[in-house]
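> here is a sequence with its predicted model. Questions after.
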Amino acid sequence: MFIDGEKYIPSHAEKIQVLNPATGELICSIPAASEKEVQKAVFSGVAAFQSWAKKSYSERCAVLSDISSALKEKEISEKLAVLLTNEQGKPLQEARREIEGVTEVIDYFIGLSSAIHTDFYTNEKNNGYSFTIQKPLGVCASVLPWNMPALIFSWKVIPALLTGNVCLVKPSSVCPLTILEMADVFHKTGLPPGVLNVIAGSGKEIGNQLAAEPAVCKISFTGSANAGRELHAKAALNNKRVTLELGGSDAMIVCDDIDIADCAQKAVHARFFNCGQTCISPKRLFVFESVYDEFIKHVLDLVSKIKVGNGVLPETTMGPLSSQKELENMIRFVSSVRDENPKAILTGGNVLKSESFSNGFFFEPTVLSGISLDSSVMTEEVFGPLLVIHPVKDMDEALKCANQTRYGLGGSVWTNDLKQAKKAIEGLDVGIVWVNQHTKVLPELPFGGVKESGFGRENGYEILKDYLETKTVVFKF
């Protein structure tokens with residue numbers, strides 16, 4: 001835990017075992033926060049809030065700028081990247097890019113600070129005027145996932161800090177170490193004690209406590225749909241602000257006028273990046289029938305070249321799943337496919353058990369075809385290295401299939417025809433649409449979904465409004 005500017009270890013606490021998913025070995029054990037430690041972290045934030053909120057935007061930006069500079073230092077960034085790979089499993093090059101992404105988020109919001117303004121109105125008839133004041137909320141809690149912990153940490157924490165709020169962060173118990181180390185860097189670089197507190201422990205228990213805590217003004221949650229619904233219901237009892245990003249089952253529509261080889265390469269990269277454990281990766285591909293066989297051929301060739309292994313090895317292009325639980329989920333999904341149609345598995349579908357994989361959570365890159373639309377791999381969010389490819393006659397059928405899901409995070413269309421692109425943009429029932437790309441997320445663009453993918457947005461100018469309260473002032477003279 002990291003509370004009030006320093007590492008905090010309670011004398012009697014349950015332990016969280018953090019494992020290396022590539023080896024199954026114990027990295028370390030860290031204390032799990034009890035109700036007492038959560039309360040201590042909340043009180044620390046309350047005590048630090050007024051001082052931090054009173055600082056000017058330029059003063060807060062100066063602190064954030066120093067943090068960004070520190071994270072760009074080779075020794076610090078490499079230490080964080082290696083730690084992230086060891087606890088989460090992703091290849092080191094992906095971990096390095098994630099840490100770099102954190103600094104890009106910080107730098108973007110520093111630049112955005114000059115756009116924060118008050119509105120001024122005059123009323124000549126009444127000889128008066130009015131204006132608005134933007135005030136920070138107070139203690140803002142963030143509940144993080146395990147798949148992209150550092151980047152999503154920055155999406156939630158940086159805009160909150162910039163606008164004068166203080167943050168209480170609950171990382172995933174699967175990979176909390178990178179976030180704890182980042183908190184240490186933030187405070188050593190000049191962030192005042194109590195402005196950022198980090199506690200680890202049971203997501204359900206801590207989430208429920210944060211939802212019920214009056215001093216917590218907002219919760220930003222990224223995780224499963226079921227957990228998000230439960231958290232939202234409890235937070236609503238206190239009229240607490242909530243942002244929910246609850247995952248997705250993104251569709252990718254491939255038209256017949258696109259470079260099929262190039263499209264297949266980008267689809268494979270997007271789907272198997274981070275071992276398929278990305279909410280916006282394309283999980284369901286709908287390919288026009290006229291190019292379906294050619295597309296399948298390219299995909300299978302590319303998947304055969306994926307090098308699975310420990311993320312610290314330079315030759316690795318796909319690491320393990322993050323935990324035994326995720327490995328069991330993959331086994332469940334593929335078992336259901338085998339029961340339905342064994343021939344649907346075009347490649348992969350097995351746990352990797354050779355000597356170099358025996359103790360880790362490794363699963364073969366898997367490609368499926370000929371799956372019914374009501375199959376679990378089509379209706380549920382599959383967080384793992386599994387790609388489903390389905391033929392469609394035209395754009396109308398593609399959109400019908402793509403929208404046949406309770407999720408609505410993102411989707412993409414691959415075409416050189418502007419009319420087809422426009423039809424997909426308007427027809428996909430999602431929060432993000434890409435054209436001729438997928439998974440590209442920039443800090444200046446709002447990120448979030450519809451339907452059971454949640455509500456609210458991260459990033460962009462509009463996220464700042466979520467961390468500010470508007471006060472209207474009316475004068476007459």
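Thanks, I have it. Numbering: from 1, shown residues only.
> for Gly164, what are phi and psi?
Here is the backbone geometry of Gly164 (degrees, to the nearest 10): phi 100, psi 10.
> please name every helix or strand in contact with the lowest-mean-pLDDT helix or strand in the chain.
Lowest by mean pLDDT, DSSP states H and E among the helices and strands of the chain is strand 120-123, with a mean of 82. Counting contacts by 3 or more Cβ pairs under 8 Å, 6 or more residues apart in numbering; DSSP states H and E, strand 120-123 is packed against strand 128-136. (Each C-beta comes from the backbone N, C-alpha and C, glycine too.)
> sheet-wise, list the partners of the strand it packs on with their directions.
Here strand 128-136 is paired, per DSSP bridges, with strand 120-123 (antiparallel), strand 468-476 (antiparallel).
> and of the ones you listed, who's closest to Ile199?
Of all these, it is strand 468-476 that lies closest to Ile199, at 24.9 Å by Cβ to Cβ.
> which parts of the closest one are buried?
In terms of neighbour count (16 or more other Cβ atoms under 10 Å), strand 468-476 has its buried residues at Leu468.
> picking up where we left off before, nearest to Leu231, out of the strands paired with strand 128-136?
strand 468-476 (21.5 Å).
> residues making contact with the closest one?
Strand 468-476 is contacted from outside by 126-137, 163, using Cβ atoms under 8 Å, 6 or more residues apart in numbering.
> cool, and stretch 308-323?
With contact meaning Cβ under 8 Å, 6+ apart, stretch 308-323 is reached by 19, 21-23, 82, 85-86, 88-92, 94-95, 146-147, 174-175, 272, 274-275, 277, 306-307, 327, 330, 352, 356-357, 360-365, 384-385.
> among the residues you listed, which ones are buried?
Neighbour counting with 16+ other Cβ under 10 Å marks 19, 21-23, 82, 85-86, 88-92, 94-95, 146-147, 174-175, 272, 274-275, 277, 306, 327, 330, 352, 357, 360-365, 384-385 as buried within the contacts of stretch 308-323.
> from the chain's centroid, how far away is whichever helix or strand Asp66 is part of?
In this assignment (DSSP states H and E), Asp66 forms part of helix 57-72. Put simply, helix 57-72 sits 23 Å off its chain's centre (Cα atoms, centre = their mean, to the nearest Å).
> kindly state the beta-bridge partners for Thr472.
For Thr472, the beta-bridge partners are Thr132 (DSSP bridges).
> and Ala95, how far is that from Val102?
Using Cβ to Cβ, to the nearest Å, Ala95 is found at 11 Å from Val102.
> oh, I was asking about Ile206
Here the criterion is Cβ to Cβ. By it, Ile206 lies 23 Å from Val102.
> next: Ser65.
Here Ser65 is placed at a distance of 14 Å from Val102 (Cβ to Cβ).
> ok, those two, which is more surrounded?
Between Ser65 and Val102, Val102 has the larger neighbour count (other Cβ atoms under 10 Å), namely 25 against 15.
> tell me the pLDDT of the more buried one.
Turning to Val102, the model gives it a pLDDT of 98.
> looks to me like it is in a helix.
Yes. With DSSP: H, G, I helix; E, B strand; the rest coil as the criterion, Val102 is part of a helix.
> quick one, what contacts Gly190?
63, 66-67.
> how far does stretch 76-90 sit from the chain's center?
Relative to the mean C-alpha coordinate of its chain, stretch 76-90 is positioned 17 Å out (Cα atoms, centre = their mean).
> tell me the mean pLDDT for it?
Mean predicted confidence for stretch 76-90 is 98.
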